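In: Next comes the sequence, and after it the predicted model I'd like to discuss.
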Amino acid sequence: MKRWIKLLLLIAVAVGLPARQVRAQAKPLIRFMNEHTLAFVLFDLLETTPALDGRPLEWDMDAWVGKMYNRLWIRSEGELLTAQRGGEAEFQALYSRVVAPFWDLQFGARLDVAYGDETRTRAHLALGLEGLAPYWFELEPTLFVSQDGAVSASLVASYDLFVTQRLILQPRLEALAAVQEVPDWGVGRGLNRVDFGLRLRFELVREFAPYIGFNWSRLYGGAADLARAEGEATRTSGIVAGVRLWY
């Protein structure tokens, strides 16, 4: 009797073992990077310029969620006049796809909002690139077409120069140009505005870095003429102070 019991147990083990091996093989042993859903939020600029009229608070934020090759980007930048009612902001929602090492092709929508006595909005289609050029220059060239068919473009370029492992100097250039004049939005034909800044930040931790710097901005061509007609300055500069955050 004992022999028969041992024989039955051996048969049961022999039959069940392959099934357990199949179940074990069905579980993925490795997960590749393009299978993970990732997320990232960065305030590259969050600063004020106390010496300027209105004491503006400015920001430049990028956020994305998705996998390695396909992502949804949310972008926002703008200026809020803290000493008076007014300001302007820009919001973008973009689909992003990796098209080359270090380069993403992005397209989607942009919404401009102007705050004041009344709030005005304007929508655009957006198409651009975002990535690293040789020598680690970060570039963001983008083309826009507004709801009225007006064509414009922007270019943002920056570079991180490591003075030490935690002390970093960032030159940053932003240029805006347009094909058509849009007086209601202060847009002229040709080159509209150039901003250049130097910001020195200290990373207390990698995710939190207060900084101080200098920013210079100038309007050109038709945009400068429209600003003069409104009694606004065509050239501004000042010391900026802020913090860079990411998560």
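Out: Good, I have the coordinates. Residues are numbered from 1 along each chain as shown.
In: Would you point out which residue is most central in this protein?
Out: The chain has D62 as the residue nearest its centroid, 2.8 Å off, counting by CA atoms, centre = their mean.
In: Just grab the bridge partners of that one for me.
Out: Listed by DSSP bridges, the beta-bridge partners for D62 are L42, R75.
In: In contact with it: list those residues for me.
Out: F40, V41, L42, D44, W73, I74, R75 (CB atoms under 8 Å, 6 or more residues apart in numbering). The way it works is simple: take the backbone N, C-alpha and C, and place the C-beta from them, glycine included.
In: Just the CA trace of stretch 153-167, in CSV.
Out: The C-alpha coordinates for stretch 153-167 follow below in CSV (Å, rounded to 0.1, in the frame of the first residue of the first chain):
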residue,chain,number,x,y,z
ALA,A,153,7.7,81.6,-34.2
SER,A,154,9.8,81.4,-31.0
LEU,A,155,13.2,80.1,-30.1
VAL,A,156,14.4,79.4,-26.6
ALA,A,157,18.1,78.5,-26.0
SER,A,158,19.9,77.8,-22.7
TYR,A,159,23.1,76.3,-21.4
ASP,A,160,24.1,75.1,-17.9
LEU,A,161,27.7,76.0,-17.1
PHE,A,162,28.9,74.1,-14.0
VAL,A,163,31.1,76.4,-11.9
THR,A,164,31.0,73.6,-9.2
GLN,A,165,28.9,70.6,-8.8
ARG,A,166,26.2,72.7,-7.1
LEU,A,167,26.8,76.2,-8.4
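In: List the contacts of it.
Out: Contact with stretch 153-167 is made by 44, 135-144, 168-178, 200-204, as judged by CB under 8 Å, 6+ apart.
In: Show me where this structure has its strands.
Out: Along the chain, counting by DSSP state E, strands occupy 38-48, 56-66, 70-81, 87-100, 103-115, 120-133, 137-146, 151-158, 161-162, 167-178, 190-202, 208-219, 235-246.
In: what about the nearest residue to G108 once chain neighbours are set aside, neighbour count?
Out: What sits nearest to G108 in space, not counting adjacent residues and going by CB to CB, 6 or more residues apart in numbering, is L94, at 3.6 Å. L94 has 22 neighbours, counted by other CB atoms under 10 Å.
In: show me the contacts for L94.
Out: L72, W73, I74, R75, Q106, F107, G108, A109, A126, G128.
In: so what's it scoring on pLDDT?
Out: According to the prediction, L94 has pLDDT 98.
In: what sits opposite it in the beta ladder?
Out: W73, G108.
In: which residues of the chain score low on pLDDT?
Out: For the chain, the stretches with pLDDT under 70 are 1-34.
In: Brilliant, that's me finished.
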